[in-house]
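**Student:** 3D model of this:
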Amino acid sequence: AHISSRWHALLLTLLAVPSFKAELAASYCDTYGSVTREYARGIGITDASSFTLSVQFLNRQTYVRELTANRSLLQRLTSALTDTLRIAGNCNSRPGERGLDPGHAVLVHRRYSPAVSDLKCVLNVEGMSRVYASLCLVGWLE
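**Tutor:** Modelled structure (predicted):
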């Protein structure tokens, strides 16, 4: 725990450097699907994960717009959340029905929370909810 807290403190210090923050934001976006997939499967704890750093750039208009334009941020967040919830899919549903198993570990332990939190953070950036509606909402509702 000691090295983890020192590592986190170092990263927070480095995030004051704009070029480091931009590189970390890009890496966070690029690895988002694999990190959330592992987290949904029970690997890792929120307090010691990269999820704790996302607020440092996902609530900043400059980073969010760049990540959306050049790295498909909104689509990555949506896919990660959808994939996480699919893990909790209810195998006992009737054919043609979709459902979630409320007893599944993903739901019981709220393993979907970081994806929801990151999406919420991004959607609070000015103009991003409109962009989200045009790029992702229709697919999400299907």
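**Student:** going forward, measure contacts and count neighbours with C-alpha atoms only.
**Tutor:** Will do.
**Student:** which residues touch the spatially most central residue of the chain?
**Tutor:** Centroid-nearest residue in the chain: A115, 3.4 Å away (criterion: Cα atoms, centre = their mean). Residues in contact with A115 (Cα atoms under 8 Å, 6 or more residues apart in numbering) are T36, L77, A80, L81.
**Student:** ok, now S113?
**Tutor:** Counting by Cα under 8 Å, 6+ apart, S113 touches no other residue.
**Student:** cool, the one 10 residues further on as well?
**Tutor:** In this structure, L123 makes contact with S129, Y132, judged by Cα under 8 Å, 6+ apart.
**Student:** Please enumerate the helices of the protein.
**Tutor:** Applying DSSP state H to the chain gives helices spanning 2-14, 18-40, 55-58, 61-71, 73-87, 105-108, 113-123, 128-132, 138-141.
**Student:** returning to that earlier point: okay, the contacts of A115 in TSV with distance to H104 next?
**Tutor:** Shown next, in TSV, are these (distance: Cα to Cα, whole Å):
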residue	distance to H104
T36	16
L77	21
A80	17
L81	15
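**Student:** Lovely, talk soon.
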